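Student: sequence unknown, structure follows:
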């Protein structure tokens, strides 16, 4: 059979076709196949449906089509008016808003399974996705770009694959008060002729509105990202916000004067209250600075951390190392079950927050250090002679570095609890861990971001081997040679 990529596309842009959808991917697009064998991606189409669609992009290897009509609907499809904010199609954030939640969880489990299968780890067990069941109002953080429309200041989200702002009318994933605060700020800026930032010219003042919310404390942080030093009528805005929204505990300016797509600059000015808000997570009270990492789904985080604690299986005497610790939430949630907690984080402000959080919670066994967790040389220097018993590894979306994985193995760490926000990088890293002699435990996905394509996962990587095994295994990078040596060492130990 000839490869369709070697021939010109037989469908043309603007052509309407009827297709059978065979699956849906983690980007929310139904997958079908054209008569020439090429894949057709149809956003909004579901597995098992027959649809009518218009080709909007034709390449040598695939097509992209716009869904025109569902001819035979899937049993998993929700009514058109169910849980729709009105801008979901343009925003593109809630890619699963049109399907039942039960089916969404099945899709996410399959996403994690497929990630492991693609790297040759089909033997790894992936559990059904765990969830709190809450699909709306769970996000405690939002960043809104600001622009002008019809002479008014507006704020919202960027439309899919563009920097066109969609004014927010009530995102279903966020607390309703967020939309009320944004509308109040925009109305104030319109009334007082506050300029908004223009990406092309680099001129204008207000760039973003940034909000954070403590679900247990009820405290709200309002941060205005500006291209300048001061905000006009700042006292009047503070009075308006604190009167209309008594839960506002912190109002800040973030100064970002660079021509960049990065939202936050490195400097803050406090207009009202504290430079942080507080919240309670897993029984611990946390101070949350504007640039500190804090899970956006509070109840989901408690579920996730509870599973991680089960996998850590602490008895009370272990030294627990929390890598990429942020403000210390994961490690501190387990500190009472450990002999000593060491947290490592590269952001100095987050480390300072973590230290203050530990003091506020009376955790005398916690020690937080500023270092790059992904750089083995820096990490090992930071640890000194300490060899942790258990490691919590919660890297960014790009995953861990191979060098860090090897360093942990060489250090003789017997149990590593890996928390991941990207199944593909988790699976890739698990290959490296297996090469270094680790057994891959059951993978448990957790739905921290309902209605979106994202899913977190927790897995315990364990190994009970002699130090000689560890050193030889790490030093030998050829996998077949490594397996032979490890077998010889095991036989010698017997």
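Tutor: Right, received. Where do you want to start? All values reported here derive from a predicted model rather than from experimental measurement. Numbering: from 1, shown residues only.

Student: pretty sure residue 322 sits against residue 340.
Tutor: No: using C-beta atoms under 8 Å, residue 322 makes no contact with residue 340, being 11.1 Å away. In short, each C-beta sits where N, CA and C put it, glycine included.

Student: the two: which is more packed in?
Tutor: residue 322 (31 against 17; other C-beta atoms under 10 Å).

Student: what residues are bridge-paired with the more buried one?
Tutor: residue 343, residue 392 (DSSP bridges).

Student: quick one: contacts for it?
Tutor: Contacts for residue 322 (C-beta atoms under 8 Å, 6 or more residues apart in numbering) come out as 328, 330, 331, 341, 342, 343, 344, 391, 392, 394.

Student: how about those residues, which pair is most distant?
Tutor: Maximum pairwise distance among the contacts of residue 322 (C-beta to C-beta): 15.1 Å, between 328 and 391.

Student: what's the neighbour count on residue 35?
Tutor: By other C-beta under 10 Å, the residues close to residue 35 number 10.

Student: higher neighbour count, residue 328 and residue 391?
Tutor: More crowded of residue 328 and residue 391, by other C-beta under 10 Å: residue 328, with 29 against 23.

Student: the more buried one contacts residue 368, doesn't it?
Tutor: Yes: assessed by C-beta under 8 Å, residue 328 is found in contact with residue 368 at 6.1 Å.

Student: next, the buried residues of stretch 62-72.
Tutor: 62, 63, 64, 65, 67, 70 (16 or more other C-beta atoms under 10 Å).

Student: the helix or strand the second one falls within - contacts with which helices or strands?
Tutor: By that I understand residue 63. Secondary structure assignment for residue 63, by DSSP states H and E: strand 62-72. On a contact count with 3 or more C-beta pairs under 8 Å, 6 or more residues apart in numbering; DSSP states H and E, strand 62-72 meets strand 16-24, strand 39-43, strand 50-58.

Student: out of the buried residues of stretch 62-72, which comes closest to residue 163?
Tutor: residue 64 (20.5 Å).

Student: so which of the helices and strands packed on strand 62-72 is nearest residue 139?
Tutor: Residue 139 lies closest, by C-beta to C-beta, to one member of the helices and strands packed on strand 62-72: strand 39-43, at 22.4 Å.

Student: partner strands of the closest one and their direction?
Tutor: Partners of strand 39-43 in its sheet, by DSSP bridges: strand 29-33 (antiparallel), strand 62-72 (parallel).

Student: for the record, mean pLDDT for the first one?
Tutor: In this model, strand 29-33 has an average pLDDT of 95.

Student: tell me, what's touching residue 328 and residue 368 both at once?
Tutor: 343, 354, 358.

Student: quick one, what contacts the first one?
Tutor: Looking back up the chat, that one is residue 343. Residues in contact with residue 343 (C-beta under 8 Å, 6+ apart) are 321, 322, 325, 328, 331, 351, 354, 366, 367, 368, 369.

Student: let's see that with 7 Å instead.
Tutor: By C-beta atoms under 7 Å, 6 or more residues apart in numbering, residue 343 lies in contact with 322, 325, 328, 331, 354, 366, 368.

Student: distance of the second one from residue 235?
Tutor: Looking back up the chat, that one is residue 325. According to C-beta to C-beta, to the nearest Å, residue 325 and residue 235 sit 38 Å apart.

Student: which one of the two has more residues nearby?
Tutor: residue 325 (28 against 10).

Student: looking at it, that one is touching residue 346, isn't it?
Tutor: No: the criterion here is C-beta atoms under 7 Å, and residue 325 misses it with residue 346 at 9.9 Å.

Student: neighbouring contacts of stretch 367-377?
Tutor: With contacts defined as C-beta under 7 Å, 6+ apart, stretch 367-377 is touched by 323-325, 328, 341-346, 348, 351, 354-355, 358, 378-379, 382, 400-401, 403-404, 407.

Student: what's the ChimeraX line that selects buried ones from those?
Tutor: Buried subset of the contacts of stretch 367-377, written as a ChimeraX selection, criterion 16+ other C-beta under 10 Å:
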select :323,324,325,328,341,342,343,344,345,351,354,355,358,379,382,400,401,404,407
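
Student: so which of the contacts of stretch 367-377 belong to helices?
Tutor: 348, 351, 354, 355, 358, 378, 379, 382, 403, 404, 407 (DSSP state H).

Student: those residues: which two are farthest apart?
Tutor: 358 and 403 (28.8 Å).

Student: count of residues packed around the residue lying closest to residue 125 once chain neighbours are set aside?
Tutor: Excluding its sequence neighbours, the residue lying closest to residue 125 (C-beta to C-beta, 6 or more residues apart in numbering) is residue 442, at 4.7 Å. Per other C-beta under 10 Å, the neighbour tally for residue 442 reads 12.

Student: surely residue 442 meets residue 123?
Tutor: No: judged on C-beta under 7 Å, residue 442 makes no contact with residue 123 at a distance of 11.6 Å.
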